[in-house]
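> Give the three-dimensional model of this entry:
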Amino acid sequence: MIRLLRYAATAVMLMVAGCSQSQPRYRMEATTKIYALRMEGAAQSLPKEYESISEAFEAGDRFLQGNKVEEADLFYLLALRKAELLEQTLKQEKILREEVRKNAEEERRQAERQQALEALKNQLAEEKRKVQREAGIKIEKALPVREKDREVRTLPQYHTVKRGETLPQIAAQPDVYGEAGLWPLLYRANRDQIRDPKRIWPGQVLRIPRNASKEDLAEARKYAQERHLP
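Predicted coordinates:
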C-alpha cells in the first residue's frame, strides 16, 4: 500500500513538474498491472517475484524524476514484462490448485462410495446370517414336536423290509423318522446284517433307534448328503 501511494505521489509530481515534457509510455500500464497483481495476492504468495517488479518500477521512477524519460521507460517496460510473467504464473498456480482440489474431492467421493459399499455388504451378510439362524431355530423347534408325536403314537421299534424298499424310503416313513436323510441311523444300528447300505433284502427285520440325540441327527444328515442313496 505504501508503494502504491508512493507511485501515485510520483505521478502527481511529474505532472506538475512539466506537462510539456514527454511522458513515459509504459508507466501507467505497469502501474495498473502491478496493482492488479497486488489485489490477486501476489505480494503474499510470491513475495520475491513481486519485490523484483517493484524494484524495477521504482528504478524507473528515479530516472523519471531526473528527467531521463527513455531510461525510465526501459525500467517501466521491464516491470511490465515481469508483471505479465508473474500474472501467468499466478494463473497456472490457480489452475493447478483447482486440479488438486478436484482430485482430492474425487478421492473423497470414491472413499465415501467404497465405505457405503462395504457397509451394504456387511448389512447383507448380517441379514443372511440372521435368516440362517432363524431357519435353524425353526428346524430345531420342529424336530421335538415330531418326536413327541411319535412317542404319543407308540412308534415301532422294528421294521420288516418289503420288496423294493431302500433305507431312505424306510427312514422317510412317518412311523420311522419321517425324513429320508436319517437313513444312516438305520444303517448303523443294523450293521450286523447290512454290509452295504445300498443292498437290503425283503424280510430283514431292522432295529429303529429311538434315542438319537441332536448331534446324532446332525451327523446322520451330513453322512446322507455325502453318500447319496436312491
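
> Which positions in stretch 65-85 come out as buried?
69, 71-80, 82-83 (16 or more other CB atoms under 10 Å). Heads up, the C-betas are built off the backbone N, CA and C, glycines and all.

> Would you reformat these as CSV and include pLDDT and secondary structure?
Listed next are the buried residues of stretch 65-85 as CSV, based on pLDDT from 0 to 100; DSSP: H, G, I helix; E, B strand; the rest coil:
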residue, pLDDT, secondary structure
Val69, 94, helix
Glu71, 94, helix
Ala72, 94, helix
Asp73, 94, helix
Leu74, 95, helix
Phe75, 96, helix
Tyr76, 95, helix
Leu77, 96, helix
Leu78, 96, helix
Ala79, 94, helix
Leu80, 96, helix
Lys82, 95, helix
Ala83, 93, helix
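
> In TSV, list those along with distance to Arg210.
Below are the buried residues of stretch 65-85 laid out as TSV (distance: CB to CB, whole Å):
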residue	distance to Arg210
Val69	122
Glu71	120
Ala72	118
Asp73	117
Leu74	116
Phe75	113
Tyr76	112
Leu77	111
Leu78	109
Ala79	108
Leu80	107
Lys82	103
Ala83	102
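
> Now do the strands in the chain.
For the chain, applying DSSP state E gives strands covering 158-160, 205-207.

> what's in contact with the last one?
Spelled out, it's strand 205-207. Gln157, Tyr158, His159, Thr160, Val161, Ile170, Leu186, Ala189, Asn190, Gln193, Ile194, Ile200 (CB atoms under 8 Å, 6 or more residues apart in numbering).

> can you list those residues in a markdown table and add distance to Gln115, pLDDT and neighbour count?
Formatted as a markdown table, the contacts of strand 205-207 follow (distance: CB to CB, whole Å; pLDDT from 0 to 100; neighbours: other CB atoms under 10 Å):
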| residue | distance to Gln115 | pLDDT | neighbour count |
| --- | --- | --- | --- |
| Gln157 | 61 | 93 | 9 |
| Tyr158 | 63 | 93 | 9 |
| His159 | 60 | 93 | 19 |
| Thr160 | 65 | 94 | 12 |
| Val161 | 62 | 93 | 19 |
| Ile170 | 56 | 93 | 21 |
| Leu186 | 54 | 92 | 23 |
| Ala189 | 56 | 93 | 14 |
| Asn190 | 59 | 93 | 21 |
| Gln193 | 63 | 92 | 11 |
| Ile194 | 58 | 92 | 19 |
| Ile200 | 60 | 92 | 19 |
